[in-house]
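Peer 1: Need a 3D model of the sequence below.
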Amino acid sequence: MKHLFMLALFVASFSAFADSIVVTEAWIKNLPPSVPMRAGYMKLENTSAKSLSIVGVESELFMQVDIHETVKKNGMMSMQPVPVLSIPAGTAVELAPGGMHLMMMKPKETLKPGDQVSITLQFDDDSTQTLQMTVKK
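Peer 2: Purely as a prediction, here's the structure:
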């Protein structure tokens, strides 16, 4: 019985980290099926007392999902990957058009407005958090 209790505490400690991120306004920009990429947006709020870091994102409906940011270099706009997205304690980070966003590559199905897409965030402590994103016009 003692071992089961310790195991439960161990598992709870891993899931508690990801549960400290409150995700709102999660949506994906709808584009014609011929376009091989989509952009995803959301607000991520860290309600914990310590900094949390997202180190990966995945979805069964896309071949690959990465976090990217739009930057201006030498007067030109470009996108670059964000390998780790740190969210300081008690703050929020917004993935929004023209800034940081999910770069969602090669959808495996045709998506239409109103569809729900499951996304899993991976944290640096090996915990995960799965959320639903809505496809919008």
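Peer 1: avg pLDDT for the longest strand belonging to the chain?
Peer 2: The single longest strand within the chain, with elements called by DSSP state E, is strand 62-73. For strand 62-73, the mean pLDDT works out to 95.
Peer 1: list the buried ones in it?
Peer 2: Phe62, Val65, Asp66, Ile67, His68, Glu69 (16 or more other Cβ atoms under 10 Å). For glycine as for every other residue, the C-beta is placed from the backbone atoms N, C-alpha and C.
Peer 1: Need the residues that contact it.
Peer 2: Identification of contacts with strand 62-73 by Cβ atoms under 8 Å, 6 or more residues apart in numbering yields 38, 40, 54, 57-59, 77-82, 85, 95, 98-108, 119.
Peer 1: still on that earlier bit, among the buried residues of strand 62-73, find me the one that's closest to Gly90.
Peer 2: Gly90 has its nearest neighbour among the buried residues of strand 62-73 in Ile67, at 21.0 Å by Cβ to Cβ.
Peer 1: could you dump stretch 25-34 to CSV, C-alpha only?
Peer 2: Provided in CSV are the C-alpha atoms of stretch 25-34 (Å, rounded to 0.1, in the frame of the first residue of the first chain):
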residue,chain,number,x,y,z
GLU,A,25,-8.4,31.3,-27.1
ALA,A,26,-6.8,28.3,-28.8
TRP,A,27,-7.5,28.4,-32.6
ILE,A,28,-6.1,27.5,-36.0
LYS,A,29,-6.4,29.6,-39.1
ASN,A,30,-8.4,27.9,-41.8
LEU,A,31,-6.7,27.8,-45.2
PRO,A,32,-7.4,26.1,-48.5
PRO,A,33,-6.4,22.4,-48.6
SER,A,34,-3.7,23.2,-51.1
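Peer 1: quick check, distance from it to the centre of its chain.
Peer 2: Put simply, stretch 25-34 sits 15 Å off its chain's centre (Cα atoms, centre = their mean, to the nearest Å).
Peer 1: any idea of the mean pLDDT for it?
Peer 2: Per-residue pLDDT over stretch 25-34 has a mean of 95.
Peer 1: And stretch 125-135, by the same measure?
Peer 2: What stretch 125-135 shows for mean pLDDT is 96.
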